[in-house]
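this one's sequence-less:
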């Protein structure tokens, strides 16, 4: 019966903030592990029938519940497989049907790696290594960065910066964005995952300032790992999606770069996942308004934050600009923490302002944090985001756009770390 309830929640999550945490935890795991749960449910039912038969009303009810769970999980799997079409439609709509051939080399559509999906928590690729715990700024472990690169990475590889989520109060660089970074590193990119200071100890905009310091550090140091400092893209989920969008929309804002005002902290593409885009409740969306009015806002912005001034200062929606880099926004319709309507509204407004393409993939049935580990859905999304990033880089090269390395003030001259090792990722 418990499996039936979990499946029902995956298909139709309970809405509302009071239930958002349990709804997320149960729905997220059930949705992304649906194939494994379906196999386990079917095996359990078969073993029970083989050993005991159907002798009582309880047996019949249990088998009926198992059957309902199996049918529901099959529907969840079918919905997850639909991510391929959803992502492809989003990219073709925004970038054009021939976007894969930009730069002169069409990329084949990948096949689903069923062996990898069978062991979703074993995230590693033998051709990718990680350099751990480099200091990008003074301050200890919250100012450290990991570099992922292919063992034979060519020189001048494009760079992807991954920003972890966790509601601005928890989280580390070690546990998020790994499937996408492994995919990008395997394609020849250099990827960087960072820590940043967390609330309540850190008050906005300390989080964003630290991330800009990391970009400045990358511009001065990523060439040591084969990366091209003139092309840096950014991604992240949840709070990381919010910070990725803010980074992309505030390039050149000296007020957010104290002590390194002249450093170039621009990025050339942005792919936020299930991010927060309205920090001030301007959209009027009920769930967004409830979040803005919750205890989380003063925790992140500080107890002395003034509404709406300080709330707008942290809101991507309030920083839209014509020269925003290309965006690929990804959000699930079943997100229990951040309403999908918030992403839709942000995309609509950004498209009205930006001179660059804004792609948007709305994933039917996807929960918050659907991409933490490999699944049928997250594999398709990672491939699509990778194709978008490859397109953005190829487009820039084919257009002959000059780099934005600028003055690399604040960038370190040497690479220092208290725990650096190169290893196969795992």
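Nice, thanks for sending it over. Keep in mind that what you see is a predicted model, and the values were worked out from it rather than measured. Numbering: from 1, shown residues only.

residue boundaries of the strands in the chain?
Counting by DSSP state E, the chain has strands at residues 128-135, 144-150, 157-163, 190-194, 227-237, 269-273, 327-332, 358-363, 422-424.

Residue 396: which of the ones you listed is closest?
With distances scored as Cβ to Cβ, the stretch of those nearest to residue 396 is strand 227-237 (6.4 Å). Bear in mind the C-beta positions are built from the backbone N, C-alpha and C, glycine included.

That closest one pairs with which strands, parallel or anti?
When pairing is defined by DSSP bridges, strand 227-237 lines up against strand 157-163 (parallel), strand 269-273 (parallel).

Now render the ones you listed as TSV, adding mean neighbour count, mean pLDDT and distance to residue 322.
Written out in TSV, the entries for these read as follows (neighbours: other Cβ atoms under 10 Å; pLDDT from 0 to 100; distance: least, Cβ to Cβ, whole Å):
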stretch	mean neighbour count	mean pLDDT	distance to residue 322
strand 157-163	28	98	23
strand 269-273	29	98	15
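
one step back: which one of the strands of the chain has the poorest average confidence?
Averaging pLDDT over each of those singles out strand 422-424 as the lowest, with a mean of 49.

just to revisit the earlier point, with respect to residue 62, which of the strands of the chain lies nearest?
Nearest of the strands of the chain (Cβ to Cβ): strand 327-332, 31.5 Å.

Tally up the residues packed near residue 354, please.
When counting by other Cβ atoms under 10 Å, one arrives at 18 neighbours for residue 354.

Please name the residues that touch it.
Residues near residue 354 by Cβ atoms under 8 Å, 6 or more residues apart in numbering: 320, 321, 322, 323, 324, 327.

now those residues: which count as buried?
Buried members of the contacts of residue 354, counted by 16 or more other Cβ atoms under 10 Å: 320, 324, 327.

for the stretch 101-250 of the chain, what are the low-confidence residue spans?
In the predicted model of the stretch 101-250 of the chain, residues 103-112, 114-115 satisfy pLDDT under 70.

Pick the one among the buried ones among the contacts of residue 354 closest to residue 186.
Distance from residue 186 was checked for each of these by Cβ to Cβ. The minimum falls on residue 327, at 23.7 Å.

ok, now how distant is the closest one from residue 125?
For residue 327, the distance to residue 125 equals 27 Å [Cβ to Cβ, to the nearest Å].

can you tell me the distance between the two ends of stretch 195-204?
15 Å (Cα to Cα, to the nearest Å).

how far does that stretch sit from the chain's center?
19 Å (Cα atoms, centre = their mean, to the nearest Å).

Over to stretch 265-280?
The gap between the average C-alpha position of stretch 265-280 and the chain average comes to 10 Å, counting by Cα atoms, centre = their mean.

do the same with stretch 95-103
Stretch 95-103 sits 23 Å away from the centroid of its parent chain (Cα atoms, centre = their mean).

and that stretch, which residues are buried?
Under the neighbour-count criterion of 16+ other Cβ under 10 Å, stretch 95-103 has 95, 99, 100, 102 buried.

show me the residues around the nearest residue to residue 176 once chain neighbours are set aside that make contact.
The shortest distance from residue 176 to any residue other than its chain neighbours is 4.4 Å, reached at residue 164 (Cβ to Cβ, 6 or more residues apart in numbering). Residue 164 is in contact with 171-173, 175-177, 193-195, 236-237, 239-240, counting by Cβ under 8 Å, 6+ apart.

sorry, back to before: which one of the buried residues of stretch 95-103 is nearest residue 332?
Closest to residue 332, out of all of the buried residues of stretch 95-103 and judged by Cβ to Cβ, is residue 95, at 21.5 Å.

That closest one: what's it in contact with?
By Cβ under 8 Å, 6+ apart, residue 95 lies in contact with 102, 357, 359, 388, 391.

related to what we said a few turns ago, closest one to residue 181 out of the buried ones among the contacts of residue 354, please.
Nearest to residue 181 among the buried ones among the contacts of residue 354 is residue 327, at 19.1 Å by Cβ to Cβ.
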